[in-house]
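Participant: got a predicted structure here, sequence first:
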Amino acid sequence: MFNREKYNQERAEALKAQIKDLEKRFEEYIEKNIDVRNQTINNVATPDVVKKIMETPIGCQGRDPREVGDEIADCIMGATIRTNHPRFFSFVTSAISPYSIAGEVLSCLYNPNMGSYMISQGPMLVEEKLVKWAGSLAGFDADTVGGIFTSGGSLSNLTGMIAGREAKLPGREDLSRAVAFCSDQAHSSIRKGMRMMGLRNDQIVIVESDDKFKIRTDRLTEAIDLAIAEGKKPFLLVGTIGTTNTGSIDPLDKLGAIAEKYGLWLHVDGAYGGSILFSDIYRNLAHGLERADSFSWDFHKWALQTYSCSCVIVKDKTNLLNAFSEHPEYLEDVISTEHNDGWDLGIEMSRPARSIKLWYTIQAMGTDLIADIIDYSFFNASIAAKRFAEAEDFEIISTPSCGTINVRYAPKDVDPALYDKLNVKISDELINSGYAFIVTTVLKGKKCLRMIAINGNTDTADVLSTVEKIKEIAKTVKKETV
């Protein structure tokens with residue numbers, strides 16, 4: 001029979017023990033990572049690790065918590081790539097603030113349910129404040145703006161687009177002939193989200209990008225006019241601040257004018273590049289964002305936050321309420337009217353307090369340091385581009401934007417048919433060396449090396465040494481391939 005008194009005592013003792021154990025683990029982590037620059041990046045799961053994890057039984061009885069903690073720290077977490085490494089230049093990831101970690105720990109400790117304002121008033125007020133602040137940076141009216149923190153750009157983009165669907169296709173009577181538009185550089189979550197909210201592939205129009213990898217507005221208007229002529233219903237347009245491939249920023253002001261002309265909902269994917277709003281120097285690159293109806297912003301990409309910390313901001317909060325409000329009888333007693341409930345602003349019901357760590361970070365250190373990191377990222381990418389431009393046999397495929405550049409090794413004395421193979425090999429050799437981590441992508445049919453220099457731990461020396469390492473590997477790969 002369940003012994004409540006014994007359970008309460010054991011739980012209290014376990015919490016005290018875990019707090020003491022966590023303090024030790026924090027110290028070990030700091031000691032291990034204080035010199036992360038000299039450690040190997042590419043930590044993969046060895047056969048022994050795979051076997052240990054997959055063969056560990058899920059038992060009816062527990063075992064020594066310290067043993068479990070050691071396994072998680074050393075075995076499980078040890079088999080992860082060091083994305084905080086200064087020479088990790090992939091996947092739009094950044095360093096993390098110690099205040100974000102502290103905020104995450106506190107959020108887990110108190111474990112508020114962010115579905116309802118009534119049961120999590122303090123954390124919900126923090127989220128509301130941050131949404132208004134983010135909206136004001138974008139040029140939205142703080143009195144009408146609304147938003148919600150989500151798990152990431154995928155959910156934030158989906159939330160914004162669903163709000164657009166409900167606003168532009170009331171009753172969804174025109175859904176079968178509705179058409180949405182995005183560029184060929186839009187993040188995969190955009191097309192996935194469009195399908196998830198009921199669009200067929202033939203209802204998603206992919207618009208060509210220009211030589212700067214920005215959406216071509218001439219092709220866009222042609223596509224919209226064609227859709228109308230065919231009896232279709234254009235309703236949604238998605239632009240981007242910081243494309244995943246190149247960091248490019250679409251001409252938002254022009255997209256705003258087009259959206260207004262044709263009556264489209266304009267959603268801007270700012271998951272990556274939204275953080276330029278921190279910067280007094282580069283904020284102007286987001287000019288036109290104020291004309292959008294909604295935008296996403298991932299703070300875990302470029303603003304020193306742990307996973308996950310994203311938000312979607314909507315110019316008129318009523319569009320979120322119209323899209324997501326649902327009031328079953330079992331929630332009647334906890335509905336808030338003055339401050340909206342989280343479950344009326346987005347897809348999720350129960351949610352963690354993802355905004356607390358961002359609040360902790362900004363309140364503890366201010367926004368200037370984040371702005372400095374944004375500015376430094378632009379500088380480092382420009383330095384890398386300069387060195388590659390000076391290097392023999394390298395070509396710049398995309399110029400620096402939001403801390404990202406793309407280069408291609410293209411030796412003139414080698415058959416161009418081998419270029420793709422050479423660049424893949426360079427990436428493989430660089431990763432396997434453990435010195436740096438850069439993967440390839442494809443732009444305009446060309447395989448190239450994508451370097452994302454937004455990591456707050458990265459300094460200019462890391463960028464320069466990685467460029468030299470790539471040049472060195474390229475020469476070796478060329479000899480072995482040709």
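Facilitator: Arrived safely, thanks for sending.
Participant: point out where the stretch 251-400 of the chain drops to low pLDDT.
Facilitator: Scanning the stretch 251-400 of the chain for pLDDT under 70 picks out nothing.
Participant: 80 - rerun?
Facilitator: Along the stretch 251-400 of the chain, segments meeting pLDDT under 80 span 337.
Participant: what about the strands in it?
Facilitator: With DSSP state E, counting those that start in this stretch, the ranges of strands along the stretch 251-400 of the chain come out as 265-269, 294-298, 310-314, 394-401.
Participant: just give me how far the longest one sits from the chain centre.
Facilitator: Averaged C-alpha coordinates place strand 394-401 at 22 Å from its chain's average position (C-alpha atoms, centre = their mean, to the nearest Å).
Participant: kindly report the same for stretch 232-244.
Facilitator: Centroid separation for stretch 232-244 versus its chain: 17 Å, with C-alpha atoms, centre = their mean.
Participant: now it: average pLDDT?
Facilitator: For stretch 232-244, mean pLDDT is 98.
Participant: same check, this time on stretch 442-457
Facilitator: For stretch 442-457, mean pLDDT is 96.
Participant: residues of that stretch that come out buried?
Facilitator: For stretch 442-457, the neighbour count (16 or more other C-beta atoms under 10 Å) marks 443, 446-457 as buried. In short, each C-beta sits where N, CA and C put it, glycine included.
Participant: ok, now stretch 455-471?
Facilitator: For stretch 455-471, a neighbour-count test (16+ other C-beta under 10 Å) marks 455, 456, 457, 458, 462, 463, 466, 467, 469, 470, 471 as buried.
Participant: out of those, which two sit at the greatest distance?
Facilitator: The two members of the buried residues of stretch 455-471 with the most space between them (C-beta to C-beta) are 456 and 471, at 25.7 Å.
Participant: thinking again about what came up before, now render the buried residues of stretch 442-457 as a markdown table, adding distance to residue 236 and secondary structure.
Facilitator: Formatted as a markdown table, the buried residues of stretch 442-457 follow (distance: C-beta to C-beta, whole Å; DSSP: H, G, I helix; E, B strand; the rest coil):
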| residue | distance to residue 236 | secondary structure |
| --- | --- | --- |
| 443 | 25 | strand |
| 446 | 30 | strand |
| 447 | 32 | strand |
| 448 | 31 | strand |
| 449 | 34 | strand |
| 450 | 28 | strand |
| 451 | 32 | strand |
| 452 | 28 | strand |
| 453 | 33 | coil |
| 454 | 29 | coil |
| 455 | 33 | coil |
| 456 | 34 | coil |
| 457 | 38 | coil |
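Participant: quick check, nearest of the residues you listed to residue 212?
Facilitator: Closest approach between the buried residues of stretch 442-457 and residue 212, by C-beta to C-beta: residue 443, at 11.1 Å.
Participant: you'd agree the closest one is up against residue 213?
Facilitator: Yes. Using C-beta atoms under 8 Å, residue 443 is in contact with residue 213, at 6.9 Å.
Participant: which residues are common contacts for the two?
Facilitator: Both residue 443 and residue 213 are contacted by 245, 246, 398, under the criterion C-beta atoms under 8 Å, 6 or more residues apart in numbering.
Participant: got the contact list for the residue lying closest to the second one once chain neighbours are set aside?
Facilitator: Spatially, and ignoring its direct neighbours in sequence, residue 246 is nearest to residue 398 (4.0 Å; C-beta to C-beta, 6 or more residues apart in numbering). Residues near residue 398 by C-beta under 8 Å, 6+ apart: 212, 213, 245, 246, 247, 248, 404, 405, 406, 443.
Participant: go again with 7 Å.
Facilitator: Listed by C-beta atoms under 7 Å, 6 or more residues apart in numbering, the contact partners of residue 398 are 213, 246, 405, 406, 443.
Participant: could I get the CA-only coordinates of the helix or strand hosting the fourth one as PDB?
Facilitator: Yep, that's residue 406 we're talking about. Secondary structure from DSSP states H and E places residue 406 in strand 404-409. Provided in PDB are the C-alpha atoms of strand 404-409 (Å, rounded to 0.1, in the frame of the first residue of the first chain):
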ATOM      1  CA  THR A 404      26.800  33.500 -42.700                       C
ATOM      2  CA  ILE A 405      28.800  33.100 -45.900                       C
ATOM      3  CA  ASN A 406      29.000  30.300 -48.500                       C
ATOM      4  CA  VAL A 407      32.200  29.400 -50.400                       C
ATOM      5  CA  ARG A 408      33.100  26.800 -53.000                       C
ATOM      6  CA  TYR A 409      36.400  25.200 -53.700                       C
END
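Participant: walk me through which strands that strand pairs with, and which way each runs.
Facilitator: If you go by DSSP bridges, strand 404-409 pairs up with strand 394-401 (antiparallel), strand 446-452 (antiparallel).
Participant: before we move on, back to that, against residue 283, how distant is the residue nearest to residue 246?
Facilitator: For residue 398, the distance to residue 283 equals 22 Å [C-beta to C-beta, to the nearest Å].
Participant: and the end-to-end length of stretch 145-162?
Facilitator: Chord length of stretch 145-162, first to last residue, is 16 Å (C-alpha to C-alpha, to the nearest Å).
Participant: need the mean per-residue confidence for that stretch.
Facilitator: Rounded mean pLDDT across stretch 145-162 is 98.
Participant: contact partners of the host helix or strand of residue 70?
Facilitator: Using DSSP H and E, residue 70 sits within helix 65-70. With contact meaning C-beta under 7 Å, 6+ apart, helix 65-70 is reached by 17, 18, 21, 25.
Participant: so which of those residues sit within helices?
Facilitator: When DSSP state H is applied, those are split such that 17, 18, 21, 25 fall in helices.
Participant: can you redo those as TSV with neighbour count and pLDDT?
Facilitator: Shown next, in TSV, are these (neighbours: other C-beta atoms under 10 Å; pLDDT from 0 to 100):
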residue	neighbour count	pLDDT
17	12	88
18	14	87
21	14	87
25	14	87
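Participant: show me which of the residues you listed is closest to residue 236.
Facilitator: residue 25 (46.3 Å).
Participant: wait, the closest one touches residue 72, no?
Facilitator: No. At 9.2 Å, residue 25 and residue 72 do not qualify as touching, with contact defined as C-beta atoms under 7 Å.
Participant: JSON lines for the contacts of helix 65-70, including distance to residue 100?
Facilitator: Below are these laid out as JSON lines (distance: C-beta to C-beta, whole Å):
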{"residue": "17", "distance to residue 100": "25"}
{"residue": "18", "distance to residue 100": "21"}
{"residue": "21", "distance to residue 100": "21"}
{"residue": "25", "distance to residue 100": "17"}
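Participant: closest one of those to residue 157?
Facilitator: Within those, proximity to residue 157 (C-beta to C-beta) peaks at residue 25, which comes in at 35.1 Å.
Participant: ok, and the closest non-adjacent residue to the closest one?
Facilitator: Nearest one to residue 25, counting by C-beta to C-beta, 6+ apart, is residue 73 at 6.0 Å.
Participant: which pLDDT value goes with that neighbour?
Facilitator: The model reports residue 73 with a pLDDT of 89.
Participant: does residue 253 touch residue 286 like I think?
Facilitator: No. Taking C-beta under 7 Å as the definition, residue 253 is not a contact partner of residue 286, at 10.0 Å.
Participant: those two - which one has more neighbours?
Facilitator: Of the pair residue 253 and residue 286, residue 286 is the one with more neighbours under other C-beta atoms under 10 Å, namely 25 against 14.
Participant: which residues touch that one?
Facilitator: Residue 286 makes contacts with 241, 252, 276, 277, as judged by C-beta under 7 Å, 6+ apart.
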